[in-house]
Structures are given as structure tokens and as C-alpha cells.
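Visitor: below is the structure, and that's it, no one-letter string:
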């Protein structure tokens with residue numbers, strides 16, 4: 001009987017992860033333009049996977065997100081992506097995968113550690129939801145400043161996007177308001193969705 005329950009739990013987890021992976025792909029392909037920014041919900045499944053199943057699963061869904069982004073970059077779906085591929089396609093591909101994979105892993109790890117010292121699940125989820133975009137954006141910024149910095153400043157078009165030097169170009173022109181939009185979306189939606197899924201899971205266990 002116990003083996004049957006364990007097998008059912010494993011199958012259910014696989015189905016849920018498959019759903020999150022499929023949802024991640026869909027969300028990475030869809031964005032909602034609002035003024036000069038684009039609303040993207042791609043970080044939400046990454047946080048949910050890390051919170052519900054652990055840091056390894058957060059890293060897995062983050063990796064799925066990274067692969068989708070890598071394909072978008074390598075196929076030159078924007079002028080900036082064309083620049084990245086022309087400058088260093090290998091580094092651009094690795095950066096795409098590393099940033100979201102690390103974001104998913106660390107988001108799940110932070111939640112796991114917090115649950116050991118704090119009983120406030122909602123607050124712990126909220127903190128994990130903040131960690132994900134911070135890590136994702138931080139690694140992207142680090143890659144732009146180090147690997148692509150010289151090429152960014154040498155590009156005749158991109159270098160004019162900001163007049164404050166490389167740091168201003170990366171944080172104001174490339175990252176800009178989008179980071180704060182992603183952060184706000186995660187803060188609002190991740191705790192609500194995660195708490196609902198935890199409630200459903202408890203109901204399934206009886």
C-alpha cells in the first residue's frame with residue numbers, strides 16, 4: 001500500500017512538473033506590451049517549482065526558460081539578440097541558461113532554508129519570489145558588464161541608448177523598468193498561486 005502511494009505521488013509530481021515546464025514555454029513566448037515595457041510572467045513557474053518541489057526542480061524549470069530564451073537569441077528575434085549572437089553566440093547561449101537556472105535554484109533554496117527557521121510560509125514565499133528576478137537580472141547584468149561590455153560601448157547604435165557610460169547603459173537602457181515590473185508581478189502572484197497549490201496538495205493527501 002505504501003509503495004502504491006509513493007508511486008502515485010511520484011507520478012503526480014512528474015505531471016505537475018511537466019505542466020509547469022509547458023506553462024513556462026508558453027509564458028516565455030507571450031508578453032503583454034504596456035507603454036514602453038513588456039509584461040512577462042515567465043519567472044512565476046520557476047518560483048513555484050522551487051517553492052513546491054525544491055531548489056533542484058526550480059533549477060529545472062529555470063533551465064527550460066533558459067533554453068527558450070537561448071533559441072530566441074540564436075534566431076535573432078530582436079535587434080539586441082542579433083547583437084549578442086554577432087558578438088559571442090556561445091557566451092550568449094550560456095548566459096541565457098545560467099541566469100534562469102541559478103534563479104530557480106536559489107529561489108527554491110532560500111525558501112527551503114527559510115522554512116527551517118520561520119513558520120510564516122507566505123513571507124517565505126514572498127522572499128523567494130523576490131530572489132528569483134534579482135538573481136536572474138543580476139547575472140544578466142554581470143554578463144553584460146564583463147563579457148559584452150566592450151562590444152556594447154563600441155556598437156554605434158546601442159552605445160547611444162544611454163549617455164552615462166557602460167553601467168548606465170546596462171542598468172537603465174537594457175534592464176530599466178522591466179526588472180521592477182517582473183519583481184512586482186512575482187511579489188503579487190507567486191505567493192497567491194503557491195499558497196493555493198499547497199492547499200490543493202494538502203487536500204490530495206487527505
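Guide: Everything's here; your move. Quick caveat: nothing in here was measured; it's all calculated off a predicted structure.
Visitor: part of a helix, is residue 22?
Guide: Yes. Residue 22 sits within a helix when classified using DSSP: H, G, I helix; E, B strand; the rest coil.
Visitor: distance of it relative to residue 136?
Guide: 20 Å (Cβ to Cβ, to the nearest Å). C-beta: built from backbone N, CA, C; applies to glycine.
Visitor: and those two? which has more neighbours close in?
Guide: Taking other Cβ atoms under 10 Å, residue 22 and residue 136 do not tie; residue 136 has more neighbours (27 against 12).
Visitor: contacts only, for the residue nearest the centre of the chain.
Guide: Taking Cα atoms, centre = their mean, the centroid of the chain lies closest to residue 43, which sits 3.8 Å from it. Counting by Cβ atoms under 8 Å, 6 or more residues apart in numbering, residue 43 makes contact with 65, 100, 103, 132, 133, 136, 182, 185, 186.
Visitor: now the fourth one. Nearest residue, chain neighbours left out?
Guide: Beyond its immediate neighbours in the sequence, the residue positioned closest to residue 132 (Cβ to Cβ, 6 or more residues apart in numbering) is residue 107, lying 4.1 Å away.
Visitor: the first one now?
Guide: Spatial nearest neighbour of residue 65, excluding adjacent residues (Cβ to Cβ, 6+ apart): residue 100 at 4.3 Å.
Visitor: local confidence estimate at residue 112?
Guide: pLDDT for residue 112: 97.
Visitor: for it, grab the count of nearby residues.
Guide: 16.
Visitor: ok now the helix or strand containing it, how far from the chain's centre?
Guide: Taking DSSP states H and E as the criterion, residue 112 maps to helix 89-117. Offset of helix 89-117 from its chain centre (Cα atoms, centre = their mean, to the nearest Å): 8 Å.
Visitor: so who does residue 103 touch?
Guide: 43, 46, 62, 131, 132, 133, 135, 136, 139.
Visitor: let's have those in CSV, adding secondary structure, distance to residue 157 and pLDDT.
Guide: Output for those, formatted as CSV (DSSP: H, G, I helix; E, B strand; the rest coil; distance: Cβ to Cβ, whole Å; pLDDT from 0 to 100):
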residue, secondary structure, distance to residue 157, pLDDT
43, coil, 29, 96
46, helix, 32, 97
62, helix, 31, 97
131, helix, 34, 98
132, helix, 31, 97
133, helix, 27, 96
135, helix, 29, 98
136, helix, 25, 96
139, helix, 25, 97
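Visitor: as CSV, these with distance to residue 175 would be great.
Guide: Listed next are these as CSV, based on distance: Cβ to Cβ, whole Å:
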residue, distance to residue 175
43, 14
46, 18
62, 18
131, 17
132, 15
133, 10
135, 13
136, 10
139, 12
